[in-house]
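A.B. asks: Got a predicted structure plus its sequence, pasted below:
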Amino acid sequence: MSVTIEQSRLARITARGSDLWRYRELIRNLVMSSLKGRYKNSALGFVWSLLNPLGMMLVFTIVFGFLMPDVRVEKYPLFVLTGLLPWNFFSASINAGLYSVVGSSNLVKKVYFPREVLPIASVLSQLINFLLAFAVLFVALIVFQASFSPWLWTLPFVILIQTVFSTGVVLILSTLNVFYRDTAMITEVVMLAWFFLTPVVYSVALLPETIQVLGVALPLQRLVYIFNPVASLIAIYRDLLYWGYRTDVDFFIRTALTALAVFAFGYWFFLRYSERFGEEL
C-alpha cells in the first residue's frame, strides 16, 4: 500500500512538472508583462534598477559609514552593495509573489493552468531586475578594487540557490494570502524585522560571539546563519565578491539543502491547497 501511495505521489509530481514545461510560454509572457508594467510610463525605464541600489547604498553609507563610525567597515559602500542587492531580490520577490495569485483571481477562476506558474513568474521577473542591478555591483567592484574570489565561477549557483529559496517562501505566502488576507500585513512587519536581523548594512562580526539566555551560553553569530538562510546567502555573496574568500563547502551545501527543503515544502503546501483557490477567490 505504501509503495502504491509513493508511486502515486511521484506520478503526480512528474505530471505537474510536465504541466509547467508545457506552460513555459505562459511563464515567459507573465514575466515580460510584469517587467513592462514595472517600467510603464517611466522616463528612465530599467535604469531605475541601477539607480535604486545606488541610492540606497549612498544612504546607508552616510548613516552607518560616517554618522555611526563604530560600524565602519573597509570599503563600506561595496560591503553594503554586496548585501543590499541580494536582500532587495529576496524582498522584492516576497512583495510581488505575495499577491501573485490573489492579483490574478479572474484568470484563476476562468482558465485552467498550473497555478504555481503565477508565483514562479513573479520571482523570475525579480530575478531579471536583480541581474540588471548586478551591472552596478561589478562597476563598484572595479572602482573599489575588490578582491575577486577564485571561486567567483560559483556565483550563478548561488543565484540559483537564492531563487529556489525565494520561490519556496513565495509559494507558501501566496497560498496563505488566498485564505487569510492578514498575511500581507503580517509579512510587512516580518520583512522589516528580517531586514534588521540580517547582516545587510552591518557586519556579523559586530555581534557578540555568545549571549547568555537563562544561564546558557548561545553562539549568537552562528545562530544568525543557522536560523536565517538569507544571512547565509549574503555571507556567500560577500565571500565571493567582497572578501575574496573561498566559501566553505560545508556551509555552501547546508545553505543549498535548506533552500531545497524550503522549496519542497512550499511546493507541496501550494499544491495541497491550490485546487481550492477558485472557490476562495
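C.D. replies: That came in fine, so what should we check first? Since we're looking at a predicted model, the values are computed, not measured.
A.B. asks: Low-confidence stretches in the chain?
C.D. replies: 1-17, 37-52, 54, 60-61, 63-72, 281 (pLDDT under 70).
A.B. asks: Tell me the spacing between the residue nearest in space to the middle of it and Ile142.
C.D. replies: Closest to where the C-alpha atoms of the chain average out (CA atoms, centre = their mean) is Phe90, at 2.6 Å. Between Phe90 and Ile142 the computed distance is 25 Å (CB to CB, to the nearest Å). Backbone N, C-alpha and C define where each C-beta goes, glycine included.
A.B. asks: before we move on, back to that, hmm, the residue nearest to the centre of the chain is touching Gln162, no?
C.D. replies: Yes - between Phe90 and Gln162 there is a contact under CB atoms under 8 Å: 6.9 Å.
A.B. asks: which neighbours do the two share?
C.D. replies: Leu233 (CB atoms under 8 Å, 6 or more residues apart in numbering).
A.B. asks: what ranges do the strands span in the stretch 51-200 of the chain?
C.D. replies: For the stretch 51-200 of the chain, strands defined by DSSP state E, counting those that start in this stretch do not occur.
A.B. asks: which residue ranges form the helices in the stretch 101-250 of the chain?
C.D. replies: 105-110, 117-143, 155-179, 182-197, 220-226, 229-238, 249-274 (DSSP state H, counting those that start in this stretch).
A.B. asks: The longest one packs against which elements?
C.D. replies: Contacts defined by 3 or more CB pairs under 8 Å, 6 or more residues apart in numbering; DSSP states H and E place helix 117-143 against helix 24-39, helix 48-60, helix 76-98, helix 155-179.
A.B. asks: so what's the spatially closest residue to Gln162 that is not a sequence neighbour up against?
C.D. replies: Of all residues not flanking Gln162 in the chain, Leu233 sits nearest, at 5.1 Å (CB to CB, 6 or more residues apart in numbering). Leu233 makes contact with Pro86, Phe90, Val158, Ile161, Gln162, Phe165, Thr255 under the criterion CB under 8 Å, 6+ apart.
A.B. asks: again with Glu116
C.D. replies: When contacts are counted by CB under 8 Å, 6+ apart, Glu116 touches Arg16, Leu20, Leu171, Tyr267, Phe270, Leu271, Ser274.
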